[in-house]
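# Got a predicted structure plus its sequence, pasted below:
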Amino acid sequence: MSAETAHTTRPDMIVCENVDKWFGDFQALKGVTATIAEQEVVVVLGPSGSGKSTWIRCINRLEAHEKGTIVVDGVELTNDLRNIEKIRSEVGMVFQQFNLFPHITVLDNVTLAPKWVRKMPKAEAENKAKELLEMVGIPEQASKYPGQLSGGQQQRVAIARALAMEPRIMLFDEPTSALDPEMIKEVLDVMRDLALGGMTMMVVTHEMGFAREVADRIFFLESGEIVEEGTPEHFFTNPTEDRTKLFLSQIL
Amino acid sequence: MIQETPPQNYHHQKPPFYRDAIVVKWLFQLGALALVVFSLWFLASQARDNLAARDISTGFDFLSVDPGINLSEGIDTRPATGGRALWVGMVNTIRLATAGILAATILGLLVGLARLSNNWVVNKLGSVFVETLRNIPLLVQIILYGAILANLGDLSYDSGWDNWVIWSNKGLSIPRVFIADGFYQWAIFMLIGSVAARWAYKSRQRQHDETGRDTYPWIASLGVLGAFAVIGWFIHPIFGWVGGIFGAIGDGISKIPEEVLQAALSIIAVLLAGNWIRNFLRSRRTPGGSAQLTDDDKFRVIFSGVSAGLVIVVVYVVWPGLSSWMINSSSDLFGVLDDKFGNGRSGGPFGADRPEVIKTGMFEKYGPSGLTMSIGFAAVFFGVVFYTAAFIAEIVRGGILAVPKGQIEAANSLGMKRSAALRTVILPQALRVMMPPLGNQYLNLTKNTSLAIAVGFSDLVQVGQTVGNQTGKNLSVFAIWMLFYLACSLTISVVVNFFNVRLRIVER
C-alpha cells in the first residue's frame, strides 16, 4: 500500500498544520505540517535534538504546542480538558523508558486504565489483559512485578498496557532505544504484527530495518522542521535533500 | 629459573589459631562482651560509690508514697502516689503526642501539596509557612504561642458560649464524653454492625468488579455501620442476656483444677517450641538436602528449646501459684464482664458533661466536669504541630517529586484523570519514599513534647521533675523518663516499619 492511496482512500487520523513549539528561547518545532491517514504507519527519523519526540508528544498533549493546529480523529487539541482526556484515551503511547508502574503486577498494569477510565468490569478487563499478554508473547508473566522482567518483556507489557485501552492510534517514542540488541527483535516483531493488523502508528525510531520494511511513509526531521517525507523506497534509495543524504551516510 | 612445585597437601594444613577465621571470630565476640560487662560494672560501681558519698538515694519506693503535689491538668490533679503522678504525666504526654502526630500529618500533607501547586498564591503561602516555621527554634515558638494565648480574656461565669464551649486565658473547656451504662451492650451491636459493614463493602466491591460501575463501597459500609449505631442506641438492652453467658464461662473456668492448667501450659510451650524448630529447619532445607546451619541458626534453635524448658520451670518451680492466679483472674474478668453486659444496665451507651466555671477562694477556674485543655497544652500543641508540619511538608513534596515524571506521563497517556493517577500511581510510590523520614518526624515530635516544661504543661518531664524534687529520687525518675520515651519511640518504629514492609516494591 503506497502513501498516495492511503491518502486518497482513508480518512485523516492526525492533521498537523504549522505546529510551533518553544522550550524557553529554543524552538523545538518550526511549522510542522503533516497529515496521517487511518491505518497508515509512519516512521519519524532524524538526528537527536531534531524534535522527533517533541512532535510525537504533542499528538497526545504531553507537550502543549504553542501555535498551529493539531486535530486527532476529528478532535482539535486545545486547553479543553475534556478533549484532552478523550484523545488520550484513544491514543496509546509507548515510551523509551517503558514507564511501567513498578508497584503493581503486570496484570494490574494492563487492567488499571480500562477499569478506571473505561469503567470496565474486573473480570472482563483481566480476560482482555490476558489476551493482550498472549498476543505480545508473555502470558506467563502476568502475576510478576515489572522489576522482575527483562527490558524487552517490560516494553512488550507497555505495548499491551497501551493496547488495553483499545486505541485508534499508537505512538511509539524510541521504543527500542533502551534495550539490549537481542531484545530489540522481540519488540519490533510485536510492532510489526500490530502494523499488519491495521493500526494507525507513528513511530520515532533509529531502527532503519523496521522503517524500510514496515513504514508506509517516512518523515525526516532536522532542527524542528520536516526536511523530507516520502515512501521508504524514495527515502532510502533516492533522497532529494542534502541533509537527508548526510544523515543516511552517517547511519547506514 | 623458577621451579614448579607440585601442589602439596595444603588443604589439611591447620592455620595457627590467630589466623583461624572461626577462632578469631569467637575471640572477638567474647572480648567485646567482656568489655561491655566490665564497662557496665565500672560505671555502676562508680555511680553507687559517688551516690553513697553524697548521700543521694536511689530506688523506687517513692512510686507508692504520696508526693504531696498538685498537677495543673490531667486524669488526676491530686495524685495519691508518686507512681500515679508519673502516670498522669505519661497520659498527658501521650495525649499531646497523639493529637500532635495526627494534626501535623494532615497540616504537613496540605502544605506539602500547596508547595507543589501551580497556583502562585497557594505555592508561595506554602513556602513562607515552611521556611518560617522550620527555621525558628521550637522552644521559641512554644513560648511565643504561650504568650499570645495568655492574652485571651480572664475566666468568668459568662466566658465562652453558653456552657458548651468555654475559653479564656486559663484554657479551653469542652463537654466531656464518657462511656455510660449501656455501652457494652451497644458494643455488641457495633460488633455485629462491623461484620455487616464488611459484608456490605465486599458485596459492593464485587458489584463494582462485575459491572465496572462506581459503587462507593466505603460509603455503603459506613452507612451500614452508622445504621447499626443508631438502632443499637435505642434497642441495645435486648442483649442483656449476654452477661449471663460470661458469668457461666467464669464459673466454668473457676472449676478447672490447678494441675490441669499447669500440665496444659507445659504441653503448649513444648508443642510451640517443637513446631517452631520444625518449621525453622524446614525453611532452611534446600532441594539438595539440609543446608548448613550458621551459628546464628543454631542459637535460635537452642534458644527456642531453652525457652520451652524455662516455661515448664516457671510453671512448676519458680511460681507454682501462676496457674491458680490465672484461673482466678480470668474467672474474675468474666465476672466483671457479666456485670458490664448484664441486664441491670439499661442507660445510653454514652453520656456527656458540660463544662462549668467554679470559684475557689478569689479566682474562677474550670470545674472538673468538662474536658479542659490548658494554655500550656495549646502552646506546646501548636508549637510541635507547626514545627513538625513544616518538615512533613518537605517530606511530602520530596516524596511526590521522587516519583519519576514518566509515571505521570504514562498515566496521562492512558487517559487517566489527575485524581485517579494520583491515587493509583503517584501516591502509592510517593508513600514508599515518604514513610521512613515521616517515622523520624513522628519520633521527633514525641520527644519534642518534653519542651512542655517551658510553659508549665504537666507532661511526664514536668511531673517527673517535680516528683524528683519532692522525693530526691532524681536518678530513678531519669530511668523512668528514658524507658518511657524509648517505649514510645519503639512503638512508633514498629508501626512505621509495618507500613514500610507493606509498601515495598518487588524487584528481581
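Perfect, thanks for sending it. Residues are numbered from 1 along each chain as shown, chains lettered A, B, ... in the order given.

# From start to finish, how long is stretch B:419-427 in a straight line?
Distance between the boundary residues of stretch B:419-427 (Cα to Cα, to the nearest Å) amounts to 10 Å.

# In which helix or strand does the residue of chain A found nearest chain B reside?
Nearest residue of chain A to chain B (Cβ to the nearest Cβ) works out as residue A:89 at 3.0 Å. The way it works is simple: take the backbone N, C-alpha and C, and place the C-beta from them, glycine included. Using DSSP states H and E, residue A:89 sits in helix A:81-90.

# Could you give the separation of that helix from the chain centroid?
16 Å (Cα atoms, centre = their mean, to the nearest Å).

# Would you give the sheet partners of whichever helix or strand comes after that helix, along with the direction of each?
Next helix or strand after helix A:81-90 toward the C-terminus (DSSP H and E): strand A:91-94. Sheet neighbours of strand A:91-94, with direction, are listed as strand A:169-173 (parallel) (DSSP bridges).

# quick check: angle from the following helix or strand past the strand it pairs with to strand A:169-173?
The helix or strand immediately downstream of strand A:169-173 is helix A:181-196, counting by DSSP H and E. Counting by axes from the mean of the first three to the mean of the last three Cα atoms, to 10 degrees, helix A:181-196 points 160 degrees away from the direction of strand A:169-173.

# and helix A:181-196 with chain B, contact?
No: Helix A:181-196 lies apart from chain B when judged by Cβ under 8 Å from any Cβ of the partner chain; the minimum separation is 15.4 Å.

# Can you list the neighbours in contact with that helix?
A:41, A:135-137, A:150-152, A:155-156, A:159, A:163, A:170, A:172, A:175-176, A:179, A:201, A:203, A:207, A:210, A:213-214 (Cβ atoms under 8 Å, 6 or more residues apart in numbering or on different chains).

# swap in stretch B:261-270?
Against stretch B:261-270 from outside (Cβ under 8 Å, 6+ apart): B:307-308, B:311-312, B:315-316, B:323, B:326-327.

# rewinding a little: quick one, what contacts the nearest residue to the residue of chain A closest to chain B once chain neighbours are set aside?
Leaving aside its sequence neighbours, residue A:89 sits nearest to residue B:415 (Cβ to Cβ, 6 or more residues apart in numbering or on different chains; 3.0 Å). Taking Cβ under 8 Å, 6+ apart, we find residue B:415 in contact with A:85-86, A:88-90, A:113, A:117, A:165.

# For these, which two are the farthest from each other?
A:86 and A:113 (13.9 Å; Cβ to Cβ).

# Looking at the two, which has the bigger crowd around it?
More neighbours surround residue A:113 than the other of residue A:86 and residue A:113, with 27 against 15 (other Cβ atoms under 10 Å in any protein chain shown).

# pretty sure the more buried one is touching residue A:164, no?
Yes: between residue A:113 and residue A:164 there is a contact at 6.4 Å, judged by Cβ atoms under 8 Å.

# So which bits of chain A are right by chain B?
Counting by Cβ under 8 Å from any Cβ, chain A comes close to chain B at A:60, A:62, A:85-86, A:88-93, A:95, A:97, A:99-104, A:112-113, A:115-125, A:145, A:147-148, A:158, A:161-162, A:165.

# Just the buried ones from those?
With burial judged by 16 or more other Cβ atoms under 10 Å in any protein chain shown, the buried subset of the residues of chain A next to chain B is A:60, A:62, A:85, A:88-93, A:95, A:97, A:99-104, A:112-113, A:115-118, A:120-122, A:124-125, A:145, A:158, A:161-162, A:165.

# Tell me the secondary structure at residue B:24.
helix (DSSP: H, G, I helix; E, B strand; the rest coil).

# Test my guess that it contacts residue B:15.
No: with contact defined as Cβ under 8 Å, residue B:24 does not reach residue B:15; the gap is 10.0 Å.

# Of the two, which one has the most company?
Higher neighbour count among residue B:24 and residue B:15: residue B:24, with 13 against 10, using other Cβ under 10 Å.

# Quick check: closest non-adjacent residue to the more buried one.
Residue B:24 sits nearest to residue B:18 (Cβ to Cβ, 6+ apart), 6.8 Å away.

# likewise residue B:78?
Closest to residue B:78 by Cβ to Cβ, 6+ apart is residue B:70, at 5.8 Å.

# again with residue B:339
Distances taken as Cβ to Cβ, 6+ apart place residue B:243 nearest to residue B:339, at 7.0 Å, with adjacent residues excluded.
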